[in-house]
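[1] Predicted model, plus sequence, below.
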Amino acid sequence: MTKPKHILLIIGGGIAAYKASELIRLIKKAGMTVRCVLTESGAQFVTPMTLAALSENEVHTTLWSLKDETEMGHIQLSREADLVVVCPATANLLAKMAGGIADDLATTLLLATDTQVMAVPAMNVRMWDHAATRRNISQLKNDGIIIMPPEEGDMACGEFGSGRLPEPEAVMTEIASLLGSPFLPVSGLPQSELGPNPLEGQPAFAPDQHRPLHGKHVLITAGPTREPIDPVRYIANRSSGRQGFAIAAAAAEAGAQVTLVAGPVHLATPAGVMRVDVETALEMEAAVEAALPANVAIMVAAVADWRADNRAEQKIKKKGEAPAPLKLTENPDILAGLAKHDRRPDLLIGFAAETEKIAEHARTKLAKKGCDWIVANDVSGDVMGGADNSVHIVTAEGNEIWERLPKPEVARRLVQKIIEEIS
Ligand code: CTP
């Protein structure tokens, strides 16, 4: 009989800590064992007693426990685990992890471990969007930590946005997938009401069988950018962001870790996708840089080619005469920049909007931008902002045409093509 998988669960101090109890129940139900480490602030939200009762294991809270040093060294705590899960991972805990600080039991274990670590952040939307947190997340990804992005929704603090801890079932599905064990999300029902588990006795799925992009980071830009002229006026375009968002959803469905850098659009964040909202081309460029490294980058955004030379601090007033001509500066080409980047993604895909000689123009763009594929939209009809898309996929090998298809279908086909290319 194979040994059950063992999880070390580190619980940080946020209101979402209460969800750790349900996660422990699901881990146990999946036939795994779990041992909890509670930070000092985590103990303000859940008690060691509750966690010990649910996990059927002693709960560890302090670095300075003599008993632990004789019976189970702190290093051993993390070494015996098949996976270390930090849930909820607060902004403070993530910052300490990114900085290599080890000033309590949780952070000491995280610095000492050689086991895969998955962090599930949860915090207020402004903390999540703060440049420091963005930097820390980027650093942690670079260090090989798996980040399960938070969800968008109402928060305990009364605000709305990204930062909510995903439901324990979703976290459990991710844990099972990382460990290559099947997990059937069966919320709330006791095992007796579920009947036999159809997967019992079956060999565990290889993670890549049902989540072929598992372990891959896919970076996507989507939507327009908005270039301010003064506090009330801007330069923009008609891009709706629908195609980029559909690709992000399809890549997440295929198991990828997805970062979606979105210009101003009215679209909900697809499940399991980490979204970074930006407004201008320069902000988009910085967000793309912060999200690196990525295995695949798909630049779908309709980036404004120019921005106003000088943004007026105050609203420009009519003066009864012709206004001064608007002076424009060219924006950086984010796609071409990535192609020359020392951390260039393995597969770099650009989009192009064309109204005529589609394949010919796309091939010229492929060479000019230095990317691997160009997905050329035929925008002669109502594609921009519409539900369907007709595309040419232009690569070094040749040219494929996908006649008018709904945007989610274009997304799925593109993700399938990516899977074939990188597997
Ligand atoms: N792109 C970018 N940064 C820019 C401009 C474009 O990353 N500053 C990316 C887009 O996201 C897209 C591709 O480059 O992947 C489109 O290139 P672009 O030259 O803008 O093509 P078109 O929009 O088709 O414009 P044009 O025909 O005027 O060249």
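    Looks like it arrived, so ask away.

[2] part of a helix, is P408?
    Yes. Per DSSP: H, G, I helix; E, B strand; the rest coil, P408 lies within a helix segment.

[3] Around the closest residue to it other than its chain neighbours, how many other residues sit close by?
    Once flanking residues are discounted, P408 sits nearest to A246: 4.6 Å by C-beta to C-beta, 6 or more residues apart in numbering. Bear in mind the C-beta positions are built from the backbone N, C-alpha and C, glycine included. Neighbourhood size, A246 [other C-beta atoms under 10 Å]: 24.

[4] A246 and L165, how far apart?
    Using C-beta to C-beta, to the nearest Å, A246 is found at 26 Å from L165.

[5] now P345
    P345 sits at a distance of 29 Å from L165 (criterion: C-beta to C-beta).

[6] who has more neighbours, the two?
    With neighbours defined as other C-beta under 10 Å, P345 and L165 compare such that L165 has more, 25 against 21.

[7] got the contact list for the more buried one?
    By C-beta atoms under 8 Å, 6 or more residues apart in numbering, L165 lies in contact with 14, 16, 19, 87-88, 120-122, 150-151, 171.

[8] Now render those as a markdown table, adding secondary structure and neighbour count.
    Shown next, in a markdown table, are the contacts of L165 (DSSP: H, G, I helix; E, B strand; the rest coil; neighbours: other C-beta atoms under 10 Å):
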| residue | secondary structure | neighbour count |
| --- | --- | --- |
| G14 | coil | 28 |
| A16 | helix | 26 |
| K19 | helix | 22 |
| C87 | strand | 26 |
| P88 | strand | 28 |
| V120 | strand | 26 |
| P121 | strand | 31 |
| A122 | coil | 25 |
| P150 | coil | 25 |
| E151 | strand | 17 |
| V171 | helix | 23 |
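
[9] Among those, show me the least confident.
    Taking pLDDT as the measure, the contacts of L165 have their low point at E151 (86).

[10] Wait, that residue touches R164, no?
    Yes. Contact criterion C-beta atoms under 8 Å: E151 and R164 qualify, at 4.6 Å.

[11] ok, the residue nearest to P408 to M148 distance?
    With the distance defined as C-beta to C-beta, A246 ends up 21 Å from M148.

[12] Next: T329.
    Per C-beta to C-beta, T329 is found 39 Å from M148.

[13] Then E56?
    Distance of E56 to M148, given as C-beta to C-beta: 25 Å.

[14] ok, G263 - contacts?
    Residues counted as contacts of G263 (C-beta under 8 Å, 6+ apart) are 221-226, 239, 241, 278-279, 284, 301-302.

[15] redo that, cut-off 7 Å
    Contact analysis of G263 by C-beta atoms under 7 Å, 6 or more residues apart in numbering lists 222-226, 241, 278-279, 284, 301.

[16] out of everything not next to it in sequence, what's closest to it?
    Nearest non-adjacent residue to G263, counting by C-beta to C-beta, 6+ apart: G223, 3.5 Å away.

[17] which ones are touching that neighbour?
    By C-beta under 7 Å, 6+ apart, the residues touching G223 are 239, 241, 244, 262-265, 301.

[18] ok, of the residues you listed, which one's closest to the ligand?
    Relative to the ligand, the closest of these is A301; by C-beta to the nearest ligand atom it sits at 4.5 Å.

[19] Excluding chain neighbours, what is closest to the closest one?
    T221 (3.7 Å).

[20] where's the one you found, which helix or strand?
    Here T221 sits within strand 217-222, counting by DSSP states H and E.

[21] Which other helices and strands does that strand contact?
    Packing contacts for strand 217-222, counted by 3 or more C-beta pairs under 7 Å, 6 or more residues apart in numbering; DSSP states H and E, involve helix 242-253, strand 257-262, helix 281-291, strand 296-299.

[22] I'd like these written out as JSON lines, with mean pLDDT and distance to the ligand added.
    Below are the helices and strands packed on strand 217-222 laid out as JSON lines (pLDDT from 0 to 100; distance: least, C-beta to the nearest ligand atom, whole Å):
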{"stretch": "helix 242-253", "mean pLDDT": "93", "distance to the ligand": "9"}
{"stretch": "strand 257-262", "mean pLDDT": "93", "distance to the ligand": "10"}
{"stretch": "helix 281-291", "mean pLDDT": "95", "distance to the ligand": "6"}
{"stretch": "strand 296-299", "mean pLDDT": "98", "distance to the ligand": "4"}
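
[23] Can you redo the ones you listed as CSV, where the extra columns are distance to A353?
    Converted to CSV, those look like this (distance: least, C-beta to C-beta, whole Å):
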stretch, distance to A353
helix 242-253, 11
strand 257-262, 18
helix 281-291, 16
strand 296-299, 12
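
[24] Looking at the stretch 1-150 of the chain, what residue ends up closest to the ligand?
    Using C-beta to the nearest ligand atom, the single residue of the stretch 1-150 of the chain nearest to the ligand is S138, 19.0 Å away.

[25] quick one: pLDDT of that residue?
    As predicted, S138 sits at a pLDDT of 87.

[26] coming back round to it: more neighbours, E56 and M148?
    Between E56 and M148, M148 has the larger neighbour count (other C-beta under 10 Å), namely 24 against 11.

[27] pretty sure that one is in contact with I175, am I right?
    No. Counting by C-beta atoms under 7 Å, M148 sits too far from I175 to count as a contact (9.2 Å).

[28] Residues that sit against both of the two, list them.
    With contacts taken as C-beta under 7 Å, 6+ apart, M148 and I175 have no neighbour in common.

[29] Wait, L213 touches A252, no?
    No. If you go by C-beta under 7 Å, L213 and A252 don't touch, sitting 8.6 Å apart.

[30] got the contact list for the nearest residue to Q139 once chain neighbours are set aside?
    Nearest residue to Q139, sequence neighbours excluded (C-beta to C-beta, 6+ apart): A98, at 4.3 Å. Counting by C-beta under 7 Å, 6+ apart, A98 makes contact with 136, 139-140.

[31] okay but R134 is in contact with A291, surely?
    No. Contact criterion C-beta under 7 Å: R134 and A291 do not qualify, at 8.7 Å.
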